[in-house]
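A.B. asks: Here's a sequence, model it:
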Amino acid sequence: MNYKCQAISSGVAYGKIGYLTKQTNYHSEADDECNQIDLFDNAIKFVSDDLNEEILDSKQNVNERISEIFQTHKYIINDPILILKTKEYIAHQNLSAQKAYDKAVADVIHQFEQIENEYMLGRIVDIIDATDHVKAALKSIEKERIGIFDEPTILILKQLKPSIIYNIKKSNIVGFIAEHGFYHQHSGIIARTFNVPGMICEKIYDRVQGFTHIELDCDHETYTLYKTGGKRWVTKRYIEYIDLKILTK
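C.D. replies: You can find the predicted model right below:
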């Protein structure tokens, strides 16, 4: 089966279909009986320290442009308006830090959704990505992460989150397809910096069901699905994809 998509980066890749996993790897010394404001402040500090490491790593090992993306994420979680809204919900509506932050973030995202501009809509993903780390620290969600893959893998995503695309370089990921995203958003910049083939395709989660492997052709904005034991073992072309992992222009 062959489908048309929007390319985020160039190149061709072939691999096993893979997905993100979830884990609760943040730890807070505060419990449910502690002061919710303190719990929230601790979560912001914890994630800020985490982002400082990402900022430093990207600056030293990639470039200043990628480092600025994670600096933006740090600004987002330390935004005075978002912090004030959260604390107001805690104080005046007697909400837990988790619920107050969820509500404050939803308010901010709703404001951005009213702006009919692709660039601004792309910033919503940055808000979600950055604030999801705080939500994980508050234990209201599990943090998404890239698992361990034993063969070249094409990652199937719901959204193009910069923190996920950045960590592709540390794993056995040779390409990705996301259901939602834009060419000019920060994740696209990271993918093009790393020369990782990637595309946007609606309903990709539904379309890959029942298949085991996928071929991306970002240069022609198409992908092809395969089942284990199928066409990939027949021609030299597909064996080359496995050996080389990524073929670029």
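A.B. asks: residues in contact with the most centrally placed residue in the chain?
C.D. replies: Against the mean C-alpha coordinate of the chain, by Cα atoms, centre = their mean, the closest residue is residue 161 at 2.4 Å. Residues near residue 161 by Cβ atoms under 8 Å, 6 or more residues apart in numbering: 125, 128, 129, 132, 144, 187. Placement of C-beta: from N, CA and C, glycine included.
A.B. asks: Please report the distance of it from residue 41.
C.D. replies: In this view, residue 161 and residue 41 are 25 Å apart by Cβ to Cβ, to the nearest Å.
A.B. asks: List the buried residues in stretch 39-56.
C.D. replies: 39, 40, 42, 43, 44, 46, 47, 50, 51, 54, 55 (16 or more other Cβ atoms under 10 Å).
A.B. asks: which parts of stretch 157-177 are buried?
C.D. replies: Residues 157, 159-166, 168, 172-177 are the ones in stretch 157-177 that count as buried (16+ other Cβ under 10 Å).
A.B. asks: tell me the phi and psi of residue 7?
C.D. replies: As for residue 7, its main-chain torsions (degrees, to the nearest 10) stand at phi -70, psi 140.
A.B. asks: ok, now how distant is the residue nearest to it when sequence neighbours are not counted from residue 192?
C.D. replies: Nearest residue to residue 7 in three dimensions, chain neighbours excluded: residue 218, at 4.2 Å (Cβ to Cβ, 6 or more residues apart in numbering). To residue 192, residue 218 is 10 Å away according to Cβ to Cβ.
A.B. asks: domain parsing for this structure?
C.D. replies: The chain is divided into the following domains under automatic domain parsing: 2-21+145-247, 31-141.
A.B. asks: Between residue 218 and residue 192, which contacts overlap?
C.D. replies: Common neighbours of residue 218 and residue 192 (criterion: Cβ under 8 Å, 6+ apart): 8, 9, 10.
A.B. asks: what ranges do the helices span in this structure?
C.D. replies: For the chain, the helices defined by DSSP state H occupy 36-61, 64-77, 80-93, 97-113, 118-137, 162-166, 186-194, 204-207, 236-244.
A.B. asks: Spit out the contact partners of residue 185.
C.D. replies: Contacts of residue 185 (Cβ under 8 Å, 6+ apart): 122, 123, 125, 126, 160.
A.B. asks: Can you tell me how far it is from residue 142?
C.D. replies: 24 Å.
A.B. asks: again with residue 87
C.D. replies: 25 Å.
A.B. asks: rewinding a little: of the shared contacts of residue 218 and residue 192 - the most surrounded one?
C.D. replies: Among the shared contacts of residue 218 and residue 192, residue 8 has the most neighbours (other Cβ atoms under 10 Å), with 28 neighbours.
A.B. asks: quick one: pLDDT of it?
C.D. replies: Per-residue pLDDT puts residue 8 at 94.
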